[in-house]
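*Asks:* Got a sequence here, can you build the structure:
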Amino acid sequence: MPDFKTELADYLECYPQTEYIDTLLPDINGFVRGKRLPVTAFKKLEKGCYLPCSVFSLDITGVTIEEAGLGMTIGEPDRLCMPVSGTLAPSAADPDKIAQVLLTMKDEDGSGFPYEPRNVLTHIVQRFKGLGYTPVVALELEFYLIDPQRSSEGKLQPPVGFVTGTRETMSQVYSVDGLVDFAGFLDDVNQLAKAQGVPADSAVAEAAPGQFEINLKHGDDSVAACDHAIMLKRLIRELAGRYNYEATFMAKPYEEHSGNGLHIHVSLQDDSGGNVFANADGDDSKILHHAIAGSIEMMPETVGLLCPNVNSYRRLMPNMYVPLHASWGHNNRTVSLRIPASGKDDRRIEHRLAGADANPYLTLAAVLSGMLHGIENELTPPEEALPWLDNELPLLPHRPAEALSRLAEGQLLSGYISQQYIDLYTLCKREELQRFERHVTALETEWMLKTA
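*Replies:* Residues are numbered from 1 along each chain as shown. As a prediction, the model looks like this:
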């Protein structure tokens, strides 16, 4: 990769009308924070810019959780943030005049700031490389397009088709014809993703009205894969507005429809580029089974990371294509760890638990930690779960408080993601949950006002 000075010069040659650059630093929730800098400040950016380290102790509403110890208690200090090489690209807000670049935060000694999710993932990937393995990953993101106008009851409603002018009321999963109404939007997403270097692949109509899935192509840079997911979510939201839609990655925006998932495909390469999840005959390897076993053993501790918000748990319902148990199987979409129909070169694990609202860096860090745990300890997985027997397995945590307790008190994940980070994360999320639970909802008022 060229240094940022060269990258910036090349970029301005391609986009000479650029007036601003948005610096983007994904926080604990995967929401980007940063600054918009004028063109006069571009050259200074090669030496970095400063943001407060408290951005990594913000709740989902942007409120600093002071008890986490990164805010006023230590003087609200700044830390140096450096541009991430290869992420300078046109912004969806105005590709000709506004650029964007991802940032990564440094600690006072120049090392990666330990509370930045991107650096948490980097640490896990380095541990794999120490064993001679490189994770190859692909992320699949589901989202809904929604009408900005609410229904007469004040509820969310599906979008009005840009071509037909009719509202979506049903969907045909994998329907190609169903994409026609949204072809312009999806084409714009594809074109801007290319301009941003985001390797977006196919768009699929999902099982609910206005729901889509966009896949990111597999690659051997796990951190870059999550960078791409952050950029893809941002450009989808921005472009949706041009078509008078809202785009949401909420885990469960509708009670009656399937939720939005973040499915992660992982295989492992050795130093010669071979896929170690398959043996010479093309069957499952022992390493694959070790990875499955470790993932299943650690999974209850990771739910709080993969399902980070109150709404995440609305998605955990039977018969909604969401796994409720730590289980695995071949070509089976009812399990948490699916081994898709595949050959020797593309044998992989599809981890199906996370919601699209999850922070991709923390999600992938948790997923890889489970696999690494199994490989390092040569664990043996349980029997495959059959679709009609899966419900006999113990339930994963399916309430926020339970999931956060399992995360905070677990003994396995902290061997891979530091206990200090887990403590900060659970503190922030518990405070967020307490604020939510103090809120009196319209539904409880409707139920209880005259009956209690």
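*Asks:* Show me which positions of the one helix or strand Asp187 maps to end up buried.
*Replies:* Assigned by DSSP states H and E, Asp187 belongs to helix 183-195. Neighbour-count burial for helix 183-195, counted by 16 or more other Cβ atoms under 10 Å, picks out 185-186, 188-190, 192-193, 195. Yep, even glycine has a C-beta here, placed from its N, CA and C like the rest.
*Asks:* Could you check the pLDDT of Met448?
*Replies:* Met448 carries a pLDDT value of 93.
*Asks:* Distance check, it against Gly154.
*Replies:* 20 Å (Cβ to Cβ, to the nearest Å).
*Asks:* Looking at the two now, which is surrounded by more residues?
*Replies:* A direct count of neighbours by other Cβ atoms under 10 Å for Met448 and Gly154 places Met448 higher, at 10 against 7.
*Asks:* need the contact list for the more buried one.
*Replies:* Taking Cβ atoms under 8 Å, 6 or more residues apart in numbering, we find Met448 in contact with no residue.
*Asks:* And the lowest-mean-pLDDT helix or strand in the chain, how far out from the chain middle?
*Replies:* Least confident helix or strand of the chain, by mean pLDDT, DSSP states H and E, is strand 200-205 with a mean of 80. Strand 200-205 has its C-alpha centroid displaced from the chain centroid by 17 Å (Cα atoms, centre = their mean, to the nearest Å).
*Asks:* Between helix 183-195 and that strand, find me the angle.
*Replies:* Counting by axes from the mean of the first three to the mean of the last three Cα atoms, to 10 degrees, strand 200-205 lies at 160 degrees to helix 183-195.
*Asks:* Quickly run through the sheet partners of strand 200-205, with directions.
*Replies:* strand 211-216 (antiparallel) (DSSP bridges).
*Asks:* Give the next helix or strand downstream of the partner strand.
*Replies:* Next element after strand 211-216 (DSSP H and E): helix 222-242.
*Asks:* Spatially central residue for this protein, please.
*Replies:* Nearest to the mean C-alpha position of the chain, by Cα atoms, centre = their mean, lies Pro360 at 2.7 Å.
*Asks:* ok so, going back, C-alpha coordinates for the least confident helix or strand of the chain, CSV please?
*Replies:* Extracted in CSV, the C-alpha atoms of strand 200-205 (Å, rounded to 0.1, in the frame of the first residue of the first chain):
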residue,chain,number,x,y,z
ALA,A,200,-19.7,-6.1,-2.8
ASP,A,201,-21.1,-9.1,-4.6
SER,A,202,-24.7,-10.3,-5.3
ALA,A,203,-27.9,-8.6,-4.0
VAL,A,204,-30.6,-11.0,-2.9
ALA,A,205,-34.3,-10.3,-2.2
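*Asks:* Just the buried residues of that strand, please?
*Replies:* For strand 200-205, the neighbour count (16+ other Cβ under 10 Å) marks 200, 203-205 as buried.
*Asks:* can you check stretch 285-299 too?
*Replies:* For stretch 285-299, burial by neighbour count (16+ other Cβ under 10 Å) applies to 285, 287-299.
*Asks:* Kindly report the same for stretch 57-68.
*Replies:* 57-60, 64-65, 68.
*Asks:* any residues touching that stretch, and which ones?
*Replies:* With contacts defined as Cβ under 8 Å, 6+ apart, stretch 57-68 is touched by 27-29, 31, 33, 54, 69-73, 115, 309, 424, 427-429, 431-432, 435.
*Asks:* hey, where'd the helices end up in the stretch 301-450 of the chain?
*Replies:* Here the stretch 301-450 of the chain has its helices, by DSSP state H, counting those that start in this stretch, at 360-377, 400-409, 419-437, 442-448.
*Asks:* Kindly reformat those helices as TSV containing distance to Glu384.
*Replies:* Formatted as TSV, the helices of the stretch 301-450 of the chain follow (distance: least, Cβ to Cβ, whole Å):
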stretch	distance to Glu384
helix 360-377	16
helix 400-409	24
helix 419-437	31
helix 442-448	40
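*Asks:* deepest of those helices, which one?
*Replies:* Among the helices of the stretch 301-450 of the chain, ranked by average contacts under mean count of other Cβ atoms under 10 Å, first place goes to helix 360-377 (a mean of 25).
*Asks:* re the thing from before, secondary structure and pLDDT added to the buried residues of stretch 57-68, as JSON lines?
*Replies:* As requested, the buried residues of stretch 57-68 are exported to JSON lines (DSSP: H, G, I helix; E, B strand; the rest coil; pLDDT from 0 to 100):
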{"residue": "Ser57", "secondary structure": "helix", "pLDDT": "97"}
{"residue": "Leu58", "secondary structure": "strand", "pLDDT": "96"}
{"residue": "Asp59", "secondary structure": "coil", "pLDDT": "94"}
{"residue": "Ile60", "secondary structure": "coil", "pLDDT": "94"}
{"residue": "Thr64", "secondary structure": "strand", "pLDDT": "95"}
{"residue": "Ile65", "secondary structure": "coil", "pLDDT": "95"}
{"residue": "Ala68", "secondary structure": "helix", "pLDDT": "93"}
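*Asks:* Tell me which two in those residues are the farthest apart.
*Replies:* Ile60 and Ala68 (14.2 Å; Cβ to Cβ).
*Asks:* Do you know the pLDDT at Met1?
*Replies:* What the model reports for Met1 is a pLDDT of 64.
*Asks:* oh sorry, the question was meant for Leu232
*Replies:* For Leu232, the model assigns a pLDDT of 97.
*Asks:* wait, doesn't it sit right on Val198?
*Replies:* Yes - contact criterion Cβ atoms under 8 Å: Leu232 and Val198 qualify, at 5.4 Å.
*Asks:* how about the closest residue to Ser267 other than its chain neighbours, what does it touch?
*Replies:* In this structure, Ser267 finds its nearest non-sequential neighbour in Arg348, 4.0 Å apart by Cβ to Cβ, 6 or more residues apart in numbering. Under the criterion of Cβ under 8 Å, 6+ apart, the contact list for Arg348 reads 136, 265-267, 275, 277, 339-340, 342.
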